[in-house]
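In: kindly return the folded structure for what I paste below:
(one chain, ligands or ions: 2)
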Amino acid sequence: MTILLNNLSKYYADLAVVKDVSLTIEDGEMFVLLGSSGSGKSTVLRMIAGLVQPDNGRIELHGHDVTYFPPQERGVGFVFQNYSVFRHMTVAQNIAFGLRIRGVSAAAQKERTAELLELVELTGLGDRYARQLSGGQQQRVALARALAYEPAVLLLDEPFGALDVKIRTQLRRRLKEIQRKLHVTTIVVTHDQEEAFELADRIGVMERGELMEVGTAQELYYRPHTTFAATFVGGGNVLAGRMESGQIRLGSVTLPLPEDAPPHDDYAPVRILFRPETVKLQSRPFLPEEPIFPLGKGKVVEHAFVGMTQRLKVELDSLHGVRPLQPRLDFGQGTVSIQCTLLAQETTESMVDQAQIWVGLPHFHVLDQAGMRLLLVVADDAKSRETAVVAQQIAVATGGTITLLGIADDKSDPAVLSQFLRTFHAENLSHAPRVEYRVRQGNHIDLVLLEANEGHHEMVIMPLDDSQEHELLWRLLDAVRIPVLVVPQARPQLNKVLICTAVGEPGKGDIRFGGRIARRARAQVTLLHIDTGNRPLIEQQQAHDFMQKGQALLRAVGVATESIIETAVTPQSGIMQELNAGDYDLLVLGAPVLSKLDSSPDATIINQSDRPVLFVPMLD
Ligand code: ADP
Ligand code: MG
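Out: Ligands and ions are numbered 1, 2, ... in the order given. Take a look at the predicted model:
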């Protein structure tokens, strides 16, 4: 019996507890839903059983749509965490219960009950009262009862959750054997990773109502796609560096992008995973001929003996500027550290005590390219709401995370601001894939600069109204060197992007960054260069070549592109003319163009344009 879930959703009071879950479970498969408490696992299971009505989506059992069938018509056996046996009935009566209410003959009931008692290894205990049994035995009765009517699908919700570790392990093995023998399609819900790994053919990891990733235990452990799976399953080191010229830049370390790694845009963050037990430590540098990627020289800052293994934490100066997703930086910790696990006998005293230890990786795994990280600076005004519209368009297009930054002055109450951000999120960003909040108190400009500098965002999105915001824009571009998007007025869509570029090598950052957004948004790009006239022929030729190369760069990553060279008295006037003529949704300006805007972004374009403008500082 196959189980198909299609865009299954469930809301309680407007809150999605299950969000668009789609999944196919094969005939005879043992599938485990793994997730922390409250992630929506039980709700999914209950919807399959027919105990909870979905608000959206479809459930098919073996090709039949059963979404609106009552539970008893689905052929589903269910085992709950809390012993759901009838305590006042005998074991045999419990097991036969489902058969009796379905009018199966007494003789057949008896025969089937005996079979099931044997299956769950309770032969001889049929006449006991359920309340006389241990917890583990009661759960076996519950399992036998669920199997009595030969369900096509078996659903177990934390079936061993209330039992102690030893019994849990035994029952797990027994369940697996029974499931194999009966070949019944089974879903087990658990929050216990070990249980999931031991039982499952495949595991689905859930978080906040979403099915984050599906795979075998090995896939989730060694080759996950998402940061969530990488950090939820097992201990791991997940570090975010950046793509630069086809290689991974991690602080002062450069690693090749493995051939089987998922594609990454240039300058995009790259997240690598390596498990603690794969890290290689030694007291001398690695030789070039050793098949190891060196991470540099470190210092053991923590070590713990945990029986068979030793756990070490090693700080590495070479990883300066790298964003550690796991292990996270402790408060006040300035140097990135990694977790290593060694077999106890491999760990020598000197290793632990040594001031220096060389750290290398035999291999590492690259996670899928993450969505763009956007820092959205908002206040309680109409401009902020316009800004949010465009931020949401980009977040949706790039699968990105929006960090909502609210800054309270010294007199206001941060709790009020915090509440405002939540309301702002609900009212303006309800479609954004992921929204986080950041509340700060103090000087507006200083705090935005600080957050932009340290928060590992890829773009700042902000209103541009008063002189303070103009100063902020300038300093973000000049000092932090982060792209900034300002939004005078939102556009209903993001289909046409105008990238204005000076010609020459440093100008490539704007094309790359604008192209990255366009690619994800499936928008069309027009490359524009303004020729202010009186140029020698050779420069005209160079401009032409540059535009051709820019186009090739964009086409190579799948962006539909055209390029125009226009003649105008000033870049500003030429840009304005094209902007109005072409009905663009987003204008991208690179730093070289910027510097010609009277050395200040407070210039004609910003004042005259009602379009969102993205300023890209020199990234090269
Ligand atoms: P899990 O099994 O992963 O712990 P559940 O599916 O039981 O998660 O619950 C997911 C979320 O839905 C929880 O935050 C819970 O509070 C909420 N929830 C579940 N059932 C109800 C209900 N009947 N009414 C309101 N909220 C519910
Ligand atoms: Mg549950």
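
In: only C-alpha atoms for contact and neighbour calcs from this point on.
Out: OK.

In: could you pull out the strands for the stretch 251-400 of the chain?
Out: Taking DSSP state E, counting those that start in this stretch as the criterion, the stretch 251-400 of the chain carries its strands at 253-256, 269-274, 280-282, 293-306, 309-316, 323-326, 337-343, 357-361, 365-366, 373-377.

In: quick one: mean pLDDT for the first one?
Out: For strand 253-256, the per-residue pLDDT values average out at 96.

In: other SSEs contacting that strand?
Out: Secondary-structure packing of strand 253-256 (3 or more CA pairs under 8 Å, 6 or more residues apart in numbering; DSSP states H and E): strand 247-250, strand 293-306.

In: and the angle from the last one to strand 357-361?
Out: This points to strand 293-306. 110 degrees (axes from the mean of the first three to the mean of the last three CA atoms, to 10 degrees).

In: residues in contact with strand 293-306?
Out: 253, 255, 285-286, 310-319, 344, 352-363 (CA atoms under 8 Å, 6 or more residues apart in numbering).

In: quick check: mean pLDDT of it?
Out: Here the average pLDDT along strand 293-306 is 91.

In: also stretch 311-321?
Out: pLDDT averaged over stretch 311-321 gives 90.

In: what distance separates that stretch from the centre of its chain?
Out: For stretch 311-321, the separation from the chain centroid amounts to 24 Å (computed by CA atoms, centre = their mean, to the nearest Å).

In: helices along the stretch 101-250 of the chain, start to end?
Out: Ranges of helices in the stretch 101-250 of the chain, per DSSP state H, counting those that start in this stretch, are 106-119, 135-147, 165-182, 193-199, 217-222, 227-232.

In: can you tell me which of these is packed in deepest?
Out: Comparing the helices of the stretch 101-250 of the chain by mean neighbour count (mean count of other CA atoms under 10 Å), helix 135-147 ranks first with a mean of 24.

In: domains for this protein, by residue range?
Out: Here the domain parsing of the chain from automatic domain parsing is 3-222, 235-366, 373-486, 496-616.

In: mind putting those in JSON lines, distance to Phe228 included?
Out: Below are those laid out as JSON lines (distance: least, CA to CA, whole Å):
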{"stretch": "domain 3-222", "distance to Phe228": "7"}
{"stretch": "domain 235-366", "distance to Phe228": "10"}
{"stretch": "domain 373-486", "distance to Phe228": "13"}
{"stretch": "domain 496-616", "distance to Phe228": "22"}
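
In: tabulate those domains (TSV), appending distance to ligand 1.
Out: As requested, the domains of the chain are arranged in TSV below (distance: least, CA to the nearest ligand atom, whole Å):
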stretch	distance to ligand 1
domain 3-222	3
domain 235-366	21
domain 373-486	17
domain 496-616	32
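
In: one step back: mean pLDDT added to the helices of the stretch 101-250 of the chain, as a markdown table?
Out: Formatted as a markdown table, the helices of the stretch 101-250 of the chain follow (pLDDT from 0 to 100):
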| stretch | mean pLDDT |
| --- | --- |
| helix 106-119 | 93 |
| helix 135-147 | 92 |
| helix 165-182 | 92 |
| helix 193-199 | 95 |
| helix 217-222 | 95 |
| helix 227-232 | 91 |
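
In: next helix or strand past the helix or strand of the chain with the lowest mean pLDDT?
Out: Across the helices and strands of the chain, mean confidence by mean pLDDT, DSSP states H and E is lowest for helix 591-596: a mean of 59. Next along the chain after helix 591-596, taking DSSP states H and E as the criterion, comes helix 604-608.

In: tell me the buried residues in that next one?
Out: Under the neighbour-count criterion of 16 or more other CA atoms under 10 Å, helix 604-608 has 605-606 buried.

In: ok, residues contacting that helix?
Out: Here helix 604-608 has contacts from 572, 575-576, 613, using CA under 8 Å, 6+ apart.

In: circling back: redo the strands of the stretch 251-400 of the chain as JSON lines? Include distance to Leu15 and mean neighbour count.
Out: Shown next, in JSON lines, are the strands of the stretch 251-400 of the chain (distance: least, CA to CA, whole Å; neighbours: other CA atoms under 10 Å):
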{"stretch": "strand 253-256", "distance to Leu15": "42", "mean neighbour count": "15"}
{"stretch": "strand 269-274", "distance to Leu15": "31", "mean neighbour count": "25"}
{"stretch": "strand 280-282", "distance to Leu15": "45", "mean neighbour count": "18"}
{"stretch": "strand 293-306", "distance to Leu15": "42", "mean neighbour count": "17"}
{"stretch": "strand 309-316", "distance to Leu15": "40", "mean neighbour count": "21"}
{"stretch": "strand 323-326", "distance to Leu15": "27", "mean neighbour count": "20"}
{"stretch": "strand 337-343", "distance to Leu15": "37", "mean neighbour count": "22"}
{"stretch": "strand 357-361", "distance to Leu15": "43", "mean neighbour count": "21"}
{"stretch": "strand 365-366", "distance to Leu15": "33", "mean neighbour count": "22"}
{"stretch": "strand 373-377", "distance to Leu15": "23", "mean neighbour count": "25"}
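
In: dump these to a markdown table, plus distance to Leu45.
Out: Formatted as a markdown table, the strands of the stretch 251-400 of the chain follow (distance: least, CA to CA, whole Å):
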| stretch | distance to Leu45 |
| --- | --- |
| strand 253-256 | 43 |
| strand 269-274 | 31 |
| strand 280-282 | 42 |
| strand 293-306 | 37 |
| strand 309-316 | 37 |
| strand 323-326 | 31 |
| strand 337-343 | 36 |
| strand 357-361 | 41 |
| strand 365-366 | 32 |
| strand 373-377 | 33 |
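
In: in the sheet, who's paired with the nearest residue to Arg271 once chain neighbours are set aside?
Out: Nearest non-adjacent residue to Arg271, counting by CA to CA, 6 or more residues apart in numbering: Ala240, 4.2 Å away. Beta bridges link Ala240 to Arg271, Arg323, judged by DSSP bridges.

In: dump the residue contacts of Ala240.
Out: 250, 269-272, 322-325.

In: before we move on, the earlier item: can you put the helices of the stretch 101-250 of the chain in CSV and add distance to Val301?
Out: Shown next, in CSV, are the helices of the stretch 101-250 of the chain (distance: least, CA to CA, whole Å):
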stretch, distance to Val301
helix 106-119, 52
helix 135-147, 43
helix 165-182, 33
helix 193-199, 28
helix 217-222, 26
helix 227-232, 22
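
In: out of those helices, nearest to Pro483?
Out: Closest to Pro483 of these, according to CA to CA: helix 227-232, at 24.4 Å.

In: got the contact list for the closest one?
Out: When contacts are defined by CA under 8 Å, 6+ apart, helix 227-232 is touched by residues 205, 212-213, 220-221, 224, 236-238, 271, 273, 326, 367.
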